[in-house]
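# Build me a model:
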Amino acid sequence: MEKRAYAGFDIPGLVPLFTNPGDMIVFAHRTYHGAFPNQIDEIRLSCAIGFRRRDHHIDIPWEVPDDGKQFLADLPPHFQRYTHGYTSIDTAWRG
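Residues are numbered from 1 along each chain as shown. A predicted model of the protein is given here:
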């Protein structure tokens with residue numbers, strides 16, 4: 001990929017990452033970040049992994065799909081305690 005200067009975001013200290021389609025970027029959840037518009041014909045997904053209090057509920061607008069339920073059922077018992085409130089993802093959902 002061609003490296004070039006970028007001045008499109010007005011964020012002091014911005015360090016742009018120019019990536020290729022399909023690349024994954026991993027950063028701390030409190031890192032200020034932005035993204036260029038999706039320019040491919042596929043859904044661009046993001047994944048957040050974090051720890052929260054067990055009584056904190058995330059109100060998702062979809063039912064956990066069958067593959068998400070199967071993922072939970074197949075987890076070894078010692079990992080199941082980390083999945084309380086697991087939301088999964090429904091790639092067919094449209095807001």
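# In the chain, which helix is the longest?
Longest helix in the chain, counting residues (DSSP state H): helix 66-74.
# and that one, which residues are buried?
residue 68 (16 or more other CB atoms under 10 Å). Placement of C-beta: from N, CA and C, glycine included.
# how about that helix as PDB, C-alpha atoms only?
Below are the C-alpha coordinates for helix 66-74, written out as PDB (Å, rounded to 0.1, in the frame of the first residue of the first chain):
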ATOM      1  CA  ASP A  66     -28.100 -20.400  16.900                       C
ATOM      2  CA  ASP A  67     -24.300 -20.300  16.100                       C
ATOM      3  CA  GLY A  68     -23.800 -18.000  19.200                       C
ATOM      4  CA  LYS A  69     -25.800 -20.400  21.400                       C
ATOM      5  CA  GLN A  70     -23.800 -23.300  20.000                       C
ATOM      6  CA  PHE A  71     -20.500 -21.400  20.800                       C
ATOM      7  CA  LEU A  72     -21.700 -21.000  24.400                       C
ATOM      8  CA  ALA A  73     -22.800 -24.700  24.700                       C
ATOM      9  CA  ASP A  74     -19.400 -25.900  23.300                       C
END
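# Would you mark the buried spots in the following helix or strand past that helix?
Using DSSP states H and E, the helix or strand that follows helix 66-74 in sequence is helix 77-80. Judged by neighbour count (16+ other CB under 10 Å), helix 77-80 contains no buried residues.
# Tell me which other helices or strands helix 77-80 touches.
Packed against helix 77-80 by the contact rule (3 or more CB pairs under 8 Å, 6 or more residues apart in numbering; DSSP states H and E) you find no helix or strand.
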